[in-house]
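Novice: Dropping a prediction and its sequence here:
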Amino acid sequence: MSASLLRRGLELLETPGRGKAPPGFQPGRDGARPAGAARRGKRPPEPGRTKATVKGRVVKSAIEEYHKKKAVNHLRANLQYMLKGRFVANKAITEQVLAQNRGRKSKDQPPKKVAKKKPEGTVFTEEDFRKFEREYFGRL
């Protein structure tokens, strides 16, 4: 137990007729300090102040913190912003910006575009086939 608690307990148990000791006399002291010197140890905690707080800090409400950290849906505002501007960047500039932001790893490279093969059409027309039939099979 601390000394102050002991002292208070002794004061409570003290007989009512005895009274207090004179102010200059304090029992239990060796005389290392004068009797009236102020204690330079820990001062008693003040009721409205805790040591864990920073000076000037305001206690925040839990509800305000919740609303502050709650996810906000920005879809509507973003859509309005995107639809409002009708400026379309040049395709060459867009490709250049994308190439600058692309990494050097193979996973960052876009897939190579394969040129589509055009369906091969015949050089011959329907009239050429009829003419060939007549010459090869005879007159039909």
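Specialist: Received the coordinates, thanks. Numbering: from 1, shown residues only.
Novice: quick one: low-confidence parts of this protein?
Specialist: For the chain, the stretches with pLDDT under 70 are 1, 15-54, 139-140.
Novice: Which positions within the strand or helix carrying residue 133 qualify as buried?
Specialist: Under the criterion DSSP states H and E, the helix or strand holding residue 133 is helix 126-137. Buried residues in helix 126-137, counting neighbours by 16 or more other CB atoms under 10 Å, are absent. Placement of C-beta: from N, CA and C, glycine included.
Novice: let's number from 765 now, not from 1
Specialist: Renumbered: residue one is now 765, and that last one reads helix 890-901.
Novice: would you put the C-alpha positions of it in PDB?
Specialist: Coordinates of each C-alpha in helix 890-901 appear next as PDB, following Å, rounded to 0.1, in the frame of the first residue of the first chain:
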ATOM      1  CA  GLU A 890     -19.500 -17.800-112.100                       C
ATOM      2  CA  GLU A 891     -19.300 -17.000-115.900                       C
ATOM      3  CA  ASP A 892     -15.800 -18.500-116.000                       C
ATOM      4  CA  PHE A 893     -17.100 -21.800-114.400                       C
ATOM      5  CA  ARG A 894     -19.900 -22.100-117.000                       C
ATOM      6  CA  LYS A 895     -17.500 -21.500-119.800                       C
ATOM      7  CA  PHE A 896     -15.200 -24.200-118.400                       C
ATOM      8  CA  GLU A 897     -18.100 -26.600-118.100                       C
ATOM      9  CA  ARG A 898     -19.000 -26.100-121.700                       C
ATOM     10  CA  GLU A 899     -15.400 -26.600-122.900                       C
ATOM     11  CA  TYR A 900     -14.600 -29.600-120.700                       C
ATOM     12  CA  PHE A 901     -17.900 -31.500-120.700                       C
END
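Novice: So which residues of the chain form helices?
Specialist: Applying DSSP state H to the chain gives helices spanning 767-777, 826-833, 839-848, 855-865, 890-901.
Novice: Great, nothing more from me.
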